[in-house]
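what follows is a predicted protein model with its sequence.
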Amino acid sequence: MTPSSALFSLLLLSFLFSSSFATLPRFQHPAKDGDSLRLLVVGDWGRKGLFNQSQVATAMGRIGEELEIDFVISTGDNFYENGLTGVDDKSFQESFTNIFTASSLQTQWYSVLGNHDYRGNVLAQLSPVLQQLDSRWICLRSFILDAEIADFFFVDTTPFVLKYWNEPENRHYDWREVAPRDQYIDNLLKDLDAALKESRAPWKFVVGHHTMRSVSEHGDTVELLDELLPILKENGVDLYINGHDHCLQHISSRGSQLQYLTSGGGSKAWRGTYVPNDDKLQFFYDGQGFMSMELTGRRAEMRFYDVFGRVLYELSLGKEFQAY
C-alpha cells in the first residue's frame, strides 16, 4: 500500500468511527482481476508465533503467492489470551506484523473481534492508530466488504452470547459502546437485514467469530441460531464463515443452501474433540490450518489446508449467472 492510499484508508476509518452506526460501514475492495477474486481466511491465531502460528503463517504466504490473493479475512480471536491492553501493546507487532511477513500477505486484512479480543481493550483494537503501525490492519465490530463478485458481511457475534455478560467479576469483557445488549443486537440485526436485502452481488457471505454449527469444542451457538440464522436464510446467504472452534470444518444445512465453514486453526488446536449435531458434517479436521477462496460470478471454490499448506478438503459451489 502506498503512503497516499494508507493515508486515505486512515481518513476513511476515522470517518467511520465518528459516524452513526445506523447503517453498516462499507469498504470496497475490487479484485485485481475483475473476473475473479482470491483470498485467504484464518482465525484464532494471535499467540506471538507459538502453537504453530508461525508455521501456519509460512504456509499462508506460500499459498497466497500461488493464488495471487486480493486480501485476507480474520475470523477473530486476534490476540490471546486477553486482547490488547492499548494501542501501544507490543502484542500487535509480536502476533501480527512480525509473524505474517510473507510478501503475498502484505495486502489488506479485514478482521472481526472474537471473545478473547473482548477481554482486552476493544477500542484499542478498533483504533485507526493501529493502521498507522501496520497499514494492512482493518478491524471493526460489524461492516460490509464490497468485492463486486461477492459481498462479505462481517458481524460482531460476541455480544450475542449471554454467558459472557454473566461472567464472574474477575473475567473482564469490554462492553463499551455495546451495552445495553438488547438494543445493540436489535440495531445490528436490522442493519444487517437491510444490507443483505440491498445486496446485488452474485455471492453473499457472512463472517463472524462464533460458530453457528460446529462439531468441535464449543459446538453450536444457540443465540446465533435463534437470532442471526433466520436472517441469513431469509436473505439467501451462501456461506457463514467463522472461527472460535480451533479446527477446520464444513457443515451443510439440511434446510437451506447455507453452508457453515469454520477456519479457526491459526494457532492452538483442540485435538480429538468431536460432538455431532443436527446438520450434515462434510469435513472435519482437528488441527491447525487455514482456508482459501477463489470466486467468479458463477463458481466458488474453497480449500482447507493444514499447517504445511497441504490441501485437506475442497468444496465447489455453483451459481446461476447474475448481472452485477
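Great, that's in hand. Numbering: from 1, shown residues only.

can you find the helix or strand in this structure with the smallest mean pLDDT?
helix 3-18 (a mean of 42; mean pLDDT, DSSP states H and E).

quick one: mean pLDDT over stretch 135-143.
For stretch 135-143, mean pLDDT rounds to 98.

got the buried residues for the top helix by length along the chain?
Longest helix in the chain, counting residues (DSSP state H): helix 181-198. If you call a residue buried by 16 or more other C-beta atoms under 10 Å, then helix 181-198 has these buried ones: 184, 185, 188, 189, 191, 192, 195, 196. For glycine as for every other residue, the C-beta is placed from the backbone atoms N, C-alpha and C.

give me the distance from that helix to the chain's centre.
18 Å (C-alpha atoms, centre = their mean, to the nearest Å).

same question, stretch 32-39
Worked out by C-alpha atoms, centre = their mean, stretch 32-39 lies 19 Å from the chain centre.

got the CA positions of it in CSV?
Presented in CSV, the C-alpha positions along stretch 32-39 are these (Å, rounded to 0.1, in the frame of the first residue of the first chain):
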residue,chain,number,x,y,z
LYS,A,32,-7.1,-7.3,-9.1
ASP,A,33,-8.5,-9.5,-11.8
GLY,A,34,-12.0,-8.2,-12.4
ASP,A,35,-13.4,-11.6,-13.3
SER,A,36,-12.2,-13.5,-10.2
LEU,A,37,-11.4,-12.9,-6.5
ARG,A,38,-8.9,-14.8,-4.4
LEU,A,39,-8.4,-14.6,-0.6
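
give me phi/psi at residue 59?
Backbone torsions of residue 59, given as degrees, to the nearest 10, read phi -70, psi -40.

next, work out how far apart it and residue 102 are.
Distance from residue 59 to residue 102, counting by C-beta to C-beta, to the nearest Å: 9 Å.

neighbour count winner among those two?
Shown here are residue 59 and residue 102; by other C-beta atoms under 10 Å, residue 59 has more neighbours (22 against 16).

who's in contact with that one?
By C-beta atoms under 8 Å, 6 or more residues apart in numbering, the contact set of residue 59 is 289, 290, 305, 306, 307, 308, 309.

and the two most separated of the residues you listed?
Farthest apart among these by C-beta to C-beta are 290 and 308. That separation is 11.3 Å.

which one of the two has more residues nearby?
Between residue 290 and residue 308, residue 290 has the larger neighbour count (other C-beta under 10 Å), namely 27 against 13.

what sits closest to the more buried one if chain neighbours are left out?
residue 42 (4.2 Å; C-beta to C-beta, 6 or more residues apart in numbering).

cool, residue 159 as well?
Spatial nearest neighbour of residue 159, excluding adjacent residues (C-beta to C-beta, 6+ apart): residue 178 at 5.1 Å.

just residue 82 next, same as before
Excluding the flanking residues, the one nearest residue 82 by C-beta to C-beta, 6+ apart is residue 119, at 4.2 Å.

what does residue 272 give?
Using C-beta to C-beta, 6+ apart, the closest residue to residue 272 is residue 286 (6.3 Å).

so which of the contacts of residue 59 sit within helices?
Short answer: these have none in helices (DSSP H).

give me the low-pLDDT residue ranges for the chain?
In the predicted model of the chain, residues 1-22, 168-170, 320-324 satisfy pLDDT under 70.

thinking again about what came up before, wait, the residue nearest to residue 272 sits on residue 274?
Yes: using C-beta atoms under 8 Å, residue 286 is in contact with residue 274, at 7.3 Å.

quick one, which of those two is more surrounded?
Set side by side, residue 286 and residue 274 show more neighbours around residue 286, with 19 against 13, by other C-beta under 10 Å.

quick check: that one vs residue 128, distance?
Separation of residue 286 from residue 128 (C-beta to C-beta): 37 Å.

how about residue 151?
24 Å.

common neighbours of residue 286 and residue 274, please.
residue 216.

tally of neighbours for the residue nearest to residue 290?
Counted with other C-beta under 10 Å, the neighbours of residue 42 add up to 28.

repeat that for residue 81.
10.

so who does the nearest residue to it once chain neighbours are set aside touch?
Closest residue to residue 81 apart from its sequence neighbours, by C-beta to C-beta, 6+ apart: residue 116 at 6.1 Å. With contacts defined as C-beta under 8 Å, 6+ apart, the neighbours of residue 116 are 46, 77, 79, 80, 81, 82, 83.
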